[in-house]
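Visitor: give the three-dimensional model of this entry:
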Amino acid sequence: MRLILILLSLSLSTIIQAHNAASPVGSWITIDDVTGKQKSIIKITENSDHALVGKIIKTFPTPGEIPLKICSACTDEKHNQPILGMIVLTGLKEKDNQWDGGRILDPRNGKYYKCFMQVMDDGKKLKVRGYIGFSLLGRTQIWIRANSG
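Guide: So this is what the prediction gives:
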């Protein structure tokens, strides 16, 4: 009986770990798709509606660059609000092994884009696509899972 309980426990643990690796919930290092450099860390959580929400928890300004501290380009309630702690990702829900139906904010230009994402490489990378209208008209970034989760 003990052996059966141990095997069931190990099986459940493996299933939970596999689910966590396939989930975008956690902290992600965003990588600029043009420069290849780290831009920020986004912490993604799941709200009560099972939709993803992401907020900026750290930024990595380029040496010599004036760090963006507020969203002066935003035209909604985020106008002149601090970048750190700002929610920039909302509304994505799981569908067929990807998360879709949400939007993402680029604080540099204040614009919102439709967004979808997909976990890759056993949960180590996140493919994030922001677009206008059709997904063909947009940009893709690969984010790296931060060790802090």
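
Visitor: tell me where the chain has helices.
Guide: Remark: helices assigned in the chain by DSSP state H are 2-21.

Visitor: so where's it shaky on pLDDT?
Guide: Across the chain, the ranges flagged by pLDDT under 70 are 1-21, 148-149.

Visitor: quick one: the strands in this structure, in order.
Guide: Using DSSP state E, the strands found in the chain span residues 26-31, 38-46, 52-59, 87-95, 98-106, 111-120, 125-131, 138-145.

Visitor: reformat those strands as CSV; add distance to Ile70 and mean neighbour count.
Guide: Yep, even glycine has a C-beta here, placed from its N, CA and C like the rest. Putting the strands of the chain into CSV (distance: least, Cβ to Cβ, whole Å; neighbours: other Cβ atoms under 10 Å) gives the following:
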stretch, distance to Ile70, mean neighbour count
strand 26-31, 18, 20
strand 38-46, 15, 19
strand 52-59, 12, 19
strand 87-95, 14, 18
strand 98-106, 13, 19
strand 111-120, 16, 19
strand 125-131, 21, 19
strand 138-145, 23, 16
